[in-house]
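Q: Could you work out the structure for the sequence below:
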Amino acid sequence: MEQERPQVKRVEERRAEARGAGAPGAEGCLVVAIRLPVRIVALVVVLPVRMVWDALVVVGRVLRDTVLRPLGRALAWLGKALFVWPFVALWRWVLVPAGRVVAWLVKWLVVVPAVWVYRWVLTPVGHGIAWVARGVWAGLNWVHARLLTPVGHGIVWLVRSLVVVPAVWVYQWVLAPVGRAVAWAVYWTCRVLFVLPVQAVWRWVLVPAGRVLAVIGREVWTALGHAWRVAGHVSVAVGRFLGTLFRWIFVEPVRWVYRSVLTPVGHAVRDAVLRPVADAARAVGRVTRQALTSVRESVRQARYDVRRTLFGEPRERIAVDRREPRRGEARTLGRSTTALTKD
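A: Below you'll find the predicted structure:
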């Protein structure tokens with residue numbers, strides 16, 4: 001608790017400073033004079049833009065839900081059907097088996113012979129070349145250690161004594177003092193001609209102008225944000241008003257006409273016209289079916305009479321004796337003859 005109290009005090013002090021900074025008396029006359037005109041102009045400019053933006057957002061949502069999303073799903077399905085599924089089938093049933101065959105051929109026609117050649121030809125040759133190279137390297141090391149190193153040490157001593165030491169002396173006692181004097185002169189010349197005027201312009205011209213422009217820019221940005229929020233509220237109110245107006249001008253009259261006029265008229269037409277017509281149509285259909293049935297029966301009887309007149313009565317079927325036992329002649333277990341073996 002004791003550790004949290006200083007933090008709470010700091011937060012309260014920051015809030016008090018913020019409230020004090022936001023007060024009209026602490027902002028200055030320039031900020032107060034700029035704020036109100038800038039906010040009015042920003043509201044006038046931003047309000048049509050915000051209303052157009054809200055209308056475009058509504059139209060975009062309607063298009064997204066009714067057109068773009070179904071079209072996207074259809075295009076996705078069509079893309080799968082035209083591109084994904086054929087390539088998947090080609091990969092699964094053509095490329096994978098062909099790749100396995102090619103891998104098997106490469107293994108037995110390339111890899112296995114290459115391994116054999118490496119193991120039984122190139123490795124012994126490489127060992128011989130390495131042995132020769134080690135001998136040559138040993139000879140080169142002997143030449144470097146016994147001949148080149150002493151010669152190099154002598155050349156280095158001569159270069160150091162004849163070139164490096166005189167060059168260091170000339171740089172230290174001649175070039176360095178002259179360079180320092182030239183650098184000092186150039187520094188003060190540039191400072192007097194360029195740095196001091198630039199500092200004066202920066203301090204007495206650009207910094208005050210930048211502060212004024214920063215105040216104007218901050219107020220313009222704040223005014224645009226405030227105008228955008230106010231325009232949003234105005235746009236919502238206008239949208240609700242137009243929605244209500246459209247509802248009372250178009251939707252409610254259409255609903256009233258449908259509920260109070262069209263529905264009773266439709267019920268009356270259904271009860272007075274459509275139902276009697278349907279009952280009459282069903283009765284006509286029933287009578288028509290009965291008439292067609294009687295006509296079919298008459299045609300069938302006439303056809304039968306014509307056939308009997310031309311070809312005579314149809315022959316009666318002769319019953320075939322299937323030698324099945326009668327009730328009294330059924331086969332029994334105590335007799336040697338059966339119904340099938342009797343004469």
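
Q: Can you give me the buried ones in the host helix or strand of Phe241?
A: Assigned by DSSP states H and E, Phe241 falls within helix 207-246. In terms of neighbour count (16 or more other Cβ atoms under 10 Å), helix 207-246 has its buried residues at 215, 219-220, 223-224, 226-228, 230-232, 234-235. Every residue, glycine included, has its C-beta placed from N, CA and C.

Q: Quick one: name whatever helix or strand follows whichever strand or helix holds Val115.
A: Per DSSP H and E, Val115 falls inside helix 112-117. In the C-terminal direction, the helix or strand that comes right after helix 112-117 (DSSP H and E) is helix 123-143.

Q: and that following helix, average pLDDT?
A: The pLDDT scores in helix 123-143 average 88.

Q: Now the element after that helix, going C-ward?
A: Remark: after helix 123-143, the chain's next helix or strand is helix 149-159, criterion DSSP H and E.

Q: quick one: that next one to chain centroid distance?
A: 71 Å (Cα atoms, centre = their mean, to the nearest Å).

Q: Average pLDDT for the helix or strand following that helix, rounded please.
A: Tracing the chain past helix 149-159, the next element assigned as helix or strand by DSSP H and E is helix 165-170. What helix 165-170 shows for mean pLDDT is 88.

Q: Show residues contacting helix 165-170.
A: Residues outside helix 165-170 that contact it (Cβ atoms under 8 Å, 6 or more residues apart in numbering): none are found.

Q: what's the offset of the next helix or strand along the chain from that helix from the middle of its chain?
A: The helix or strand immediately downstream of helix 165-170 is helix 176-190, counting by DSSP H and E. In terms of Cα atoms, centre = their mean, the centre of helix 176-190 is set 64 Å apart from its chain centre.

Q: Stretch 37-53 now?
A: Per Cα atoms, centre = their mean, the centroid offset for stretch 37-53 relative to its chain is 34 Å.

Q: now stretch 161-178, how far from the centre of its chain.
A: Using Cα atoms, centre = their mean, the offset of stretch 161-178 from its chain centre is 70 Å.

Q: Using CSV, write out every CA atom in that stretch.
A: Output of stretch 161-178 as CSV, limited to C-alpha atoms (Å, rounded to 0.1, in the frame of the first residue of the first chain):
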residue,chain,number,x,y,z
SER,A,161,64.9,1.8,-42.9
LEU,A,162,64.7,3.5,-46.3
VAL,A,163,61.0,4.3,-46.8
VAL,A,164,58.9,4.0,-43.6
VAL,A,165,61.1,5.8,-41.1
PRO,A,166,61.6,8.9,-43.4
ALA,A,167,58.0,9.0,-44.3
VAL,A,168,56.9,8.9,-40.6
TRP,A,169,59.3,11.8,-39.8
VAL,A,170,58.0,13.9,-42.7
TYR,A,171,54.4,13.3,-41.7
GLN,A,172,55.0,14.0,-38.0
TRP,A,173,57.1,17.2,-38.3
VAL,A,174,55.9,18.7,-41.6
LEU,A,175,52.5,17.5,-42.9
ALA,A,176,50.7,17.3,-39.5
PRO,A,177,51.4,20.9,-38.4
VAL,A,178,50.6,22.3,-41.9
